[in-house]
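[1] below are the sequence and a predicted model; questions follow.
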Amino acid sequence: MITAVRPGPALVTVVMANFNGMRHLNAAIRSVLDQSHANLELIVVDDASTDASATIINEWTRADGRVRAILQESNGGPARARNAALAMAKGEWIAIVDADDQIHPERLERLILAAEGAGADIVADDLLHFYEDGSPVTFLLPADWRDVRPITALDWIEGGSRPDMPALGYLKPLIRRSIISRRRYDETMRIGEDWELVLQLLLAGASMIVLPQPWYLYRRHAGSISHRLSSATLEAMMRVDDGIPLDHCNLRPDITRALAHRRSGLLAQLEVQKLIEAIKRRDAADGLAVLMAAPRSALGLGVVMAGRLRARGTPVHSANVPPLPDYAPPEARDALRIDRSIWEQLVNAVLTGRQNIRLEGPAGRYAAGFLPQDLIKSQVVTG
């Protein structure tokens, strides 16, 4: 049960790792600096970009004293970049925001309020997926997720493989710095490092809650690193998973079974990925070797291709702006129960429409926070 506890002046460290993200970087940084919880520092780590990212980041450090920059001399991946930021972090809370995403202006305030009220160490919200190709908005959490839910280590491991539990590793949680302590991201991982860090914290006794409102705006596009699996990234994930039982003695049997099931799924993905890579190289010998060693990879390849075709989606050609709900301040519990389909309709209407849209008063300003600012095609007036 969450009680209404106003967040105090807690300093939040927002960590943003960037590699060649100049196209979306300004919008991401602006969404952080526009937070209603203004007591924050933003540490932007440029991972040896070859575009103009470093120039953009340096301009922001001059424009706003809350922005701090780390310019890496060589590319080491998001885990190493985030570890560099953690070494400098001063905040009581740590938030991860990717350099191509955006966040609602009230996100940090509302998440800290919820976490403090529940006594949680980790708190996350739903993801509003927006697509650059005009596909309709989607969410990560299912429609029946209407209230705050506690998340256990077992939930975290089984996410994506259990009917009632989506793939929670995509979430972007806020974490108390005190529970992170000296723990860091595993730098051998290029994908899945967030999932592994949170699991380590949960297994060590941290408490976590997930809220149903989508205050994190997650950009889906072809360049996103989270969608670029390879044999190497999958093998790294498996190596790290294999080490978890060694780091935590006396794991419960259900946790051990869940980890074994996850590893089996990763192995199946690895077999399919090796087949895909052999096909791309036009290496018939390697492809045949994969098929002979793992015949199920052929079926897996078919599933992957069908999924990619479905993922393209159907562009939304017209949509109507829905009636907006009354503004619910951060301490109002009813704010969590607002139907997320309202934000889906609003974003679809604005991103595909050409009509003028007026969003007035506190309710309008709150609704405008769900709009990816750099993709708006309509004329949106707030007041």
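    Perfect, thanks for sending it. Values in this document were obtained by computation on a predicted structure and should not be read as measured data.
[2] the stretch 1-150 of the chain: strands as residue ranges?
    With DSSP state E, counting those that start in this stretch as the definition, the stretch 1-150 of the chain shows strands at residue ranges 12-18, 40-46, 67-71, 93-96, 102-103, 122-124, 127-131, 138-139, 149-151.
[3] helices and strands around the last one, which ones?
    Read it as strand 149-151. Judged by 3 or more Cβ pairs under 8 Å, 6 or more residues apart in numbering; DSSP states H and E, strand 149-151 is in contact with strand 208-210. All C-beta atoms are positioned from the backbone trio N, CA, C, and that covers glycine.
[4] dump the strands of the stretch 1-150 of the chain into TSV; add distance to Pro166 as well.
    What follows is those, written out as TSV (distance: least, Cβ to Cβ, whole Å):
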stretch	distance to Pro166
strand 12-18	24
strand 40-46	28
strand 67-71	33
strand 93-96	18
strand 102-103	20
strand 122-124	12
strand 127-131	10
strand 138-139	9
strand 149-151	11
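[5] outline the domain layout of the protein.
    12-225+320-382, 229-311 (automatic domain parsing).
[6] could you tell me the least trusted of these?
    Note on the domains of the chain: domain 229-311 shows the lowest mean pLDDT, a mean of 75.
[7] tell me, how many residues neighbour Leu46?
    For residue 46 the amino acid is Asp, not Leu. 27 (other Cβ atoms under 10 Å).
[8] same deal with the one 3 residues further on?
    As a burial measure, Ser49 scores 21 neighbours (other Cβ under 10 Å).
[9] what do you get for the one 3 residues further on?
    The local packing count at Ala52 equals 13, with neighbours defined by other Cβ under 10 Å.
[10] residues contacting it?
    Ala52 is in contact with Met22, counting by Cβ atoms under 8 Å, 6 or more residues apart in numbering.
[11] and the helix of greatest length in the chain, what does it pack against?
    As assigned by DSSP state H, the longest helix anywhere in the chain is helix 253-281. Counting contacts by 3+ Cβ pairs under 8 Å, 6+ apart, helix 253-281 packs against helix 153-158, helix 231-247, helix 284-293, helix 296-311.
[12] try 10 Å
    Judged by 3 or more Cβ pairs under 10 Å, 6 or more residues apart in numbering; DSSP states H and E, helix 253-281 is in contact with helix 153-158, helix 193-203, helix 231-247, helix 284-293, helix 296-311.
[13] buried residues, stretch 177-194. List them.
    Neighbour-count burial for stretch 177-194 flags 177, 180, 184-194 (criterion: 16 or more other Cβ atoms under 10 Å).
[14] circling back: next one: the longest helix of the chain to chain centre, how far?
    Taking Cα atoms, centre = their mean, to the nearest Å, one finds helix 253-281 lying 22 Å from the centre of the chain it belongs to.
[15] what's the angle between it and helix 193-203?
    On the basis of axes from the mean of the first three to the mean of the last three Cα atoms, to 10 degrees, helix 253-281 is oriented at 170 degrees to helix 193-203.
[16] residue numbering should commence at 677 henceforth.
    That works, and once the first residue is 677, the last one we named lands at helix 929-957.
[17] mind listing what's buried along helix 929-957?
    When burial is assessed from 16+ other Cβ under 10 Å, helix 929-957 yields the following buried residues: 931, 934-935, 938, 942, 944-954.
[18] next one: stretch 704-719
    Ala704, Ile705, Ser707, Val708, Leu709, Gln711, His713, Leu716, Glu717, Leu718, Ile719.
[19] residue contacts, the nearest residue to the fifth one once chain neighbours are set aside?
    Spatial nearest neighbour of Leu709, excluding adjacent residues (Cβ to Cβ, 6 or more residues apart in numbering): Asp740 at 5.7 Å. Contact criterion Cβ atoms under 10 Å, 6 or more residues apart in numbering gives Ile705, Arg706, Val708, Leu709, Leu718 as the residues in contact with Asp740.
[20] closest one of those residues to Trp736?
    Closest approach to Trp736 among these (Cβ to Cβ): Ile705, at 5.5 Å.
[21] that closest one against Trp736, yeah?
    Yes - in this structure, Ile705 is within contact of Trp736 by Cβ atoms under 10 Å, at 5.5 Å.
[22] show me the common contact partners of these two, please.
    Applying Cβ under 10 Å, 6+ apart, one finds that Ile705 and Trp736 are jointly contacted by Leu718, Val720, Val743.
[23] correct me, but the second one touches Arg758?
    Going back to what we said before, that points to Val720. No - counting by Cβ under 10 Å, Val720 sits too far from Arg758 to count as a contact (11.3 Å).
[24] looking at those two, which is more packed in?
    Val720 (30 against 25).
[25] could you check how far the more buried one is from Arg915?
    Distance, Val720 to Arg915, by Cβ to Cβ, to the nearest Å: 30 Å.
[26] same check on Asp710?
    Look at Asp710 and Arg915: by Cβ to Cβ, they are 40 Å apart.
[27] with Ile855 instead?
    Distance of Ile855 to Arg915, computed by Cβ to Cβ: 25 Å.
[28] residues touching Arg853, list them.
    Arg853 makes contact with Leu687, Val688, Thr689, Leu762, Ala765, Lys766, Gly767, Glu768, Trp769, Ile770, according to Cβ under 10 Å, 6+ apart.
[29] and Asp1002, how many neighbours?
    By other Cβ under 10 Å, 12 other residues sit near Asp1002.
[30] check Ala1004 too.
    Using other Cβ under 10 Å, Ala1004 is surrounded by 18 other residues.
[31] helix, strand or coil for it?
    Under the three-state scheme (DSSP: H, G, I helix; E, B strand; the rest coil), Ala1004 adopts coil.
[32] so what's it closest to, chain neighbours aside?
    In space, and not counting its chain neighbours, Ala1004 is closest to Ala1011: 3.6 Å by Cβ to Cβ, 6+ apart.
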